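> Structure, please.
(chains A and B)
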Amino acid sequence: MSKEKFTTLKSSAVPLAIDNIDTDQIIPARFLKATTREGFGENLFRDWRYNADQSPKADFALNIPKYSGKILVAGKNFGCGSSREHAAWAIYDHGFRVVISSFFADIFKNNALNNALLPVQVSDGFLKKIFAAIENNPKTAITVDLSEQKISLEDGTSESFEINPYKKTCLTNGYDDIDYLLSLRDEIKHFELAH
Amino acid sequence: MTRQRKTLFDKIWDSHVVKSSEGYPDALYIDRHFIHEVTSPQAFDGLRKRNVKVFNPGGTTATADHNVPTIDQHLPIKEALSRHQVETLRKNCPEFGIELYDLGHPYQGIVHIIGPELGLTLPGMTIVCGDSHTSTHGAFGNISFGIGTSEVEQVLATQCVLQYRPKTMLIEISGTLSKGVVAKDIILYIISKLSASGATGYFVEYAGEAIRKLSMEARMTICNMSIEMGARGGLIAPDEVTFTYIKGRKFAPQGETFERMVEQWRQLKSDEGADYDEVVKFDAADIAPMITYGTNPGMGIKVTDRIPTLTELKDISEQPSFSKSLEYMGLQPGSAILGQSVDYVFIGSCTNARIEDLRMVASMVKGKKKASNVEVWVVPGSKQVEKQAREEGLDKIFEDAGFQLRQPGCSACLGMNEDKIPAGKYCISTSNRNFEGRQGPKSRTFLASPLSAAAAAITGKVTDVRELV
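From the prediction side, this is the model:
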């Protein structure tokens, strides 16, 4: 089944300079009860974003009007904890298409890549530079070029990032893993019989 | 990459690769797939949309655990969304030909507890589930790891997942554990040393004298929390302890087949001098009863230690996150954690809700009463654990102590059901995560062993269990 295709994104970004953001913060367990993939965006970062009386917390990045855009920038070890794919769905549903961090948890990275959400891993130094650029100008545009595997800032500085060639092809063309696996069904049947 | 001397992980992985192509992740055949109500509905929907059947319905086993109530399970689930999710599982399983151990079934329970106790979890297998604590099963010497819902759909559709081969890490614990120190302390100690991300990208093999001496239950506790240091999973080579545990279990091979399998399973070990990407060694004598003070499982200390100060942190860049964490916990840098008052005690979860854990708690509280300031929930990991606890009279010990023995489920580990720790309250918990709000909005969690949790239940505060044993 086809997904949204990703080639290049130029956007301002929302900064979340916190390390070890776990998937319970991204989407708390009590909001995992839906049986569809849509609608999780409204509960993205629920407990950091809203007070107990449901009013928005004024000092949380997603509620600060000067921050906007399709890129989320976060501290290291983003997405640790639970395997809930709902975390990737919630980030995507909110409108983000790229998450930048200096380190991603494995399962989150897989889940993001399976949902047209690009995790871009940069060096600690470049991450600091991005946070500083946003601090300096919240509307500053960050360019993420998947084909060149390059992330660039407005001041001309850039860094290349890694992505597996297969995953890159999937994202660029909107393919998903199941299409590929289904094409192997005969080989799998064979393997299963011999196994 | 071909290795001369293979690790156990490499051997199992290699024997399950259906297709390996340059530039592609490996298509890995999965022997056993577990599903539950929370991470499966969208996967079944995907199959319907593609008009695809389940490739091998016998390869998947289902149960309801994450958001089930732990009291009055015979009544309809009160909370509408939870009920809908469980009912969706009830509809999906028969439609796709999958066995479901539903509420009330004698085999129902937390997915990572029922697999091993039913003999569905065996050495040498590949096992996945849409739950990060799938690493638990690795205690039997297999490759088990958590996956997302898109991957659940892959397994349902093809009995395979596409995966990149992780790196391997050997964690060796030599020596003998001191009195009052148990498996949970070992893993909390390891995570405190390696950090919450220290094993990301790796699959861990636990070895060494201290690991070899552990029961299967204890080994499961250790493998269970591998993910809390970022590892894809953790495994322990099988031995006589493993084979004895498996023998006679419901779905395990029986009779001559079992004996033949044991001979094969005995070969499941890393080659002498195997090439691990990373090797870490610890001495069991250095491990004490552990407790976490912060909001990730890497923030653990010996119960008698002080909470670090800002200047004691290894990395200065961690200061803001550290301060935020302690502020959430209502604790001061540099202060002692011993004697910290607790409000709730939770004994349960896929980490510590097996019969041995309940026995450990019972041995500590027998003839004693809980402190008046604490509420204590004991949530067995499965119907079978619950039944056995009652047969052994543990229910009476808990009742006399003022503990509530509830029905099986994930419960307050993640607070998807009604079992939530109220805002601002402290809970000493045998579960696996102390993330902000994990046990309920604004709840504050101290992770510890069942022994330490039982000790705190009696004293009403964080206690050095060695003073009581």
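> For chain A, just list every one of the helices.
In chain A, the helices defined using DSSP state H lie at A:23-26, A:46-49, A:86-94, A:106-113, A:124-136, A:165-173, A:177-182, A:185-194.
> Which elements pack onto the second one?
Based on contacts counted as 3 or more C-beta pairs under 8 Å, 6 or more residues apart in numbering or on different chains; DSSP states H and E, there is no element that helix A:46-49 packs against. All C-beta spots, glycine's among them, are computed from the backbone N, C-alpha and C.
> Likewise for the first one?
Helix A:23-26 is packed against helix A:86-94, with contacts defined by 3+ C-beta pairs under 8 Å, 6+ apart.
> swap in the fourth one?
Contact partners of helix A:106-113 among helices and strands, from 3+ C-beta pairs under 8 Å, 6+ apart: helix A:86-94, strand A:118-121, helix A:165-173, helix B:149-158.
> winner for burial among those?
Here the criterion is mean neighbour count by mean count of other C-beta atoms under 10 Å in any protein chain shown, and of those the winner is helix B:149-158, at a mean of 28.
> Restricting to C-alpha, output the next helix or strand after it in PDB.
Helices and strands here follow DSSP states H and E; after helix B:149-158, the next one along the chain is strand B:160-163. The C-alpha coordinates for strand B:160-163 follow below in PDB (Å, rounded to 0.1, in the frame of the first residue of the first chain):
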ATOM      1  CA  CYS B 160       8.500 -12.800   8.500                       C
ATOM      2  CA  VAL B 161       9.800  -9.400   9.500                       C
ATOM      3  CA  LEU B 162      12.300  -7.200   7.700                       C
ATOM      4  CA  GLN B 163      15.200  -6.500  10.100                       C
END
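> the helices in the stretch 151-300 of chain B, which residues?
B:183-194, B:209-212, B:216-224, B:240-246, B:255-265 (DSSP state H, counting those that start in this stretch).
> got a markdown table for the ones you listed, with mean neighbour count and distance to A:Lys66 too?
Shown next, in a markdown table, are these (neighbours: other C-beta atoms under 10 Å in any protein chain shown; distance: least, C-beta to C-beta, whole Å):
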| stretch | mean neighbour count | distance to A:Lys66 |
| --- | --- | --- |
| helix B:183-194 | 25 | 38 |
| helix B:209-212 | 18 | 53 |
| helix B:216-224 | 26 | 43 |
| helix B:240-246 | 17 | 58 |
| helix B:255-265 | 13 | 61 |
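> Ignoring the adjacent residues along the chain, who's closest to the residue most central in space within chain A?
Residue closest to the mean C-alpha point of chain A, counted by C-alpha atoms, centre = their mean, is A:Val99 at 3.8 Å. Among residues not flanking A:Val99 along the chain, A:Leu72 sits closest, at 4.8 Å (C-beta to C-beta, 6 or more residues apart in numbering or on different chains).
> do you know how far that neighbour is from B:Ala285?
To B:Ala285, A:Leu72 is 45 Å away according to C-beta to C-beta, to the nearest Å.
> Check A:Asn111 too.
Counting by C-beta to C-beta, the gap from A:Asn111 to B:Ala285 is 40 Å.
> for the biggest strand by length in chain B, which positions count as buried?
Counting by DSSP state E, the longest strand found in chain B is strand B:167-174. Residues B:168-173 are the ones in strand B:167-174 that count as buried (16 or more other C-beta atoms under 10 Å in any protein chain shown).
> could I get these as a markdown table with pLDDT and distance to B:Pro57?
Shown next, in a markdown table, are the buried residues of strand B:167-174 (pLDDT from 0 to 100; distance: C-beta to C-beta, whole Å):
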| residue | pLDDT | distance to B:Pro57 |
| --- | --- | --- |
| B:Thr168 | 98 | 33 |
| B:Met169 | 98 | 35 |
| B:Leu170 | 98 | 37 |
| B:Ile171 | 98 | 37 |
| B:Glu172 | 98 | 40 |
| B:Ile173 | 98 | 40 |
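> Quick check: of those residues, which lies closest to B:Phe203?
B:Thr168 (5.6 Å; C-beta to C-beta).
> Can you tell me who that closest one pairs with across the strands?
Under DSSP bridges, the beta-bridge partners of B:Thr168 are B:Phe203.
> I figured it hits B:Val279, correct?
No. Using C-beta atoms under 8 Å, B:Thr168 makes no contact with B:Val279, being 9.5 Å away.
> So what does B:Pro41 have for phi and psi?
The phi/psi pair for B:Pro41 (degrees, to the nearest 10) reads phi -60, psi -40.
> Tell me the pLDDT of the closest residue to it other than its chain neighbours.
Computed as C-beta to C-beta, 6+ apart, the closest residue to B:Pro41 that is not its neighbour in sequence is A:Thr35, at 3.7 Å. Listed pLDDT for A:Thr35 reads 92.
> For the helices of the stretch 151-300 of chain B, give me a markdown table that also has distance to chain A and mean pLDDT.
Below are those laid out as a markdown table (distance: least, C-beta to the nearest C-beta, whole Å; pLDDT from 0 to 100):
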| stretch | distance to chain A | mean pLDDT |
| --- | --- | --- |
| helix B:183-194 | 12 | 98 |
| helix B:209-212 | 24 | 98 |
| helix B:216-224 | 13 | 98 |
| helix B:240-246 | 20 | 98 |
| helix B:255-265 | 13 | 98 |
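> tell me the contacts of A:Asp93?
Under the criterion of C-beta atoms under 8 Å, 6 or more residues apart in numbering or on different chains, the neighbours of A:Asp93 are A:38-42, A:44.
> where's the dip in pLDDT among those?
Among those, A:Glu38 carries the weakest pLDDT, at 91.
> ok, now which ones touch it?
A:89, A:93.
> Pull the contacting residues for the closest residue to B:Tyr24 other than its chain neighbours.
Distance criterion C-beta to C-beta, 6+ apart; nearest residue to B:Tyr24, sequence neighbours excluded, is A:Tyr166 at 4.8 Å. Counting by C-beta under 8 Å, 6+ apart, A:Tyr166 touches B:23-25.
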